[in-house]
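Asker: Return a 3D structure for these sequence lines:
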Amino acid sequence: MKFGVCSGQKNAPAAQQAGWDFLEENVQSLLKGSEAHWVVPQLQMPVPSANSMVPAHIPIVGPNVSHEQLIGYMTNVLSRASQVGIRTVVFGSGGARNVPEGFNRHKAVDQITEFLNLIAPLARLNGITIVIEPLNRKECNIINSVKEAMTYVKVLNHPNIQCLVDSYHFWLEDEPLENLEAAMPWIRHVHVADKEGRVAPGVSGQSDYRPFFKVLKQGGYDHLIAVEGRFDWEKDVKSTLERLKEDWAAA
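Answerer: Okay, the predicted model is just below:
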């Protein structure tokens with residue numbers, strides 16, 4: 001199993017020294033899909049995954065959706081991702097997919113489905129897997145569970161559109177482990193953070209990852225696990241990795 005941290009390259013030396021396998025970058029920082037000109041960055045550490053796929057100012061849902069704008073933006077993002085070795089792009093993008101007040105929810109579902117249909121061929125062309133991330137209701141009002149995310153995965157039925165599970169959102173929404181068990185054939189990426197304060201594993205000491213990891217292991221999960229939680233890079237960078245490995249081994 002490979003363990004990484006959601007962070008920019010500035011923390012690469014500390015992450016490497018502590019034994020982490022990779023960094024997960026932010027699309028907006030690294031790939032700058034809204035900008036016409038982009039220079040391939042020099043990476044100090046592997047970046048196989050990236051999050052924050054679509055910014056809030058490019059809506060996926062609502063009355064002001066532009067397919068031309070979305071396609072142009074995603075063409076940039078996925079082409080650039082491929083050039084730096086990214087193979088997994090996380091579709092969280094709560095601001096872009098949030099359903100505006102009073103907007104028809106069925107229409108919103110259709111818009112998200114249409115967006116994923118539009119970008120699936122681009123993902124395949126660039127060798128990228130897009131993983132749909134369920135977000136808790138405080139951050140977004142649609143796709144709030146693994147079960148809901150899986151409705152899109154199954155409707156799309158496309159090898160480059162898969163599912164992500166994030167322990168923080170999963171626990172905050174009190175989603176049962178049975179939902180994760182059912183989704184395991186389509187889980188292609190994992191984020192972890194404690195439910196309490198969204199800190200990294202072990203920082204709060206209040207979240208037990210072993211039952212969560214047990215479902216992943218029993219489902220044959222062999223992809224990446226990235227920490228998307230706060231911690232002190234000087235004090236906790238090594239102990240967080242040790243805690244993750246211990247819980248994975250004990251699951």
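
Asker: only C-alpha atoms for contact and neighbour calcs from this point on.
Answerer: Noted.

Asker: Pick out the residue closest to the middle of this protein.
Answerer: V90 (3.5 Å; CA atoms, centre = their mean).

Asker: Please name the bridge partners of it.
Answerer: Counting by DSSP bridges, V90 forms beta bridges with V131.

Asker: For it, list the residues it contacts.
Answerer: Listed by CA atoms under 8 Å, 6 or more residues apart in numbering, the contact set of V90 reads S49, A50, N51, S52, M53, I130, V131, I132, E133, L164.

Asker: What is the burial count for the third one?
Answerer: This means N51. 20 (other CA atoms under 10 Å).

Asker: So what sits opposite it in the bridge?
Answerer: N26.

Asker: what sits against it?
Answerer: N51 touches E24, E25, N26, V27, V89, V90, F91, G92, counting by CA under 8 Å, 6+ apart.

Asker: Out of the contacts of V90, which comes closest to H67?
Answerer: Relative to H67, the closest of these is M53; by CA to CA it sits at 15.6 Å.

Asker: where does the closest one fall, phi/psi-wise?
Answerer: phi -60, psi -50 (degrees, to the nearest 10).

Asker: my guess is it contacts T88, does it?
Answerer: No: using CA atoms under 8 Å, M53 is not in contact with T88; the gap is 10.5 Å.

Asker: Return the members of the contacts of V90 classed as buried.
Answerer: Buried subset of those (neighbour count, 16 or more other CA atoms under 10 Å): S49, A50, N51, S52, M53, I130, V131, I132, E133, L164.

Asker: Would you convert these into CSV that also reports pLDDT and distance to Y152?
Answerer: Shown next, in CSV, are these (pLDDT from 0 to 100; distance: CA to CA, whole Å):
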residue, pLDDT, distance to Y152
S49, 98, 21
A50, 98, 20
N51, 98, 19
S52, 97, 19
M53, 98, 17
I130, 98, 12
V131, 99, 11
I132, 99, 8
E133, 98, 11
L164, 98, 12
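
Asker: any chance you could map the strands in the stretch 51-200 of the chain?
Answerer: Taking DSSP state E, counting those that start in this stretch, the strands of the stretch 51-200 of the chain run over residues 88-91, 129-132, 161-166, 187-192.

Asker: Those: which one's closest to Y73?
Answerer: With CA to CA as the measure, strand 88-91 is the member of those nearest Y73 (13.9 Å).

Asker: chain center to the closest one, what's the gap?
Answerer: Relative to the centre of its chain, strand 88-91 is centred 5 Å away, using CA atoms, centre = their mean, to the nearest Å.

Asker: send the alpha carbons of it over as CSV?
Answerer: Below are the C-alpha coordinates for strand 88-91, written out as CSV (Å, rounded to 0.1, in the frame of the first residue of the first chain):
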residue,chain,number,x,y,z
THR,A,88,-6.2,10.0,-10.6
VAL,A,89,-8.1,13.2,-10.5
VAL,A,90,-10.6,13.8,-7.6
PHE,A,91,-14.0,15.2,-8.5
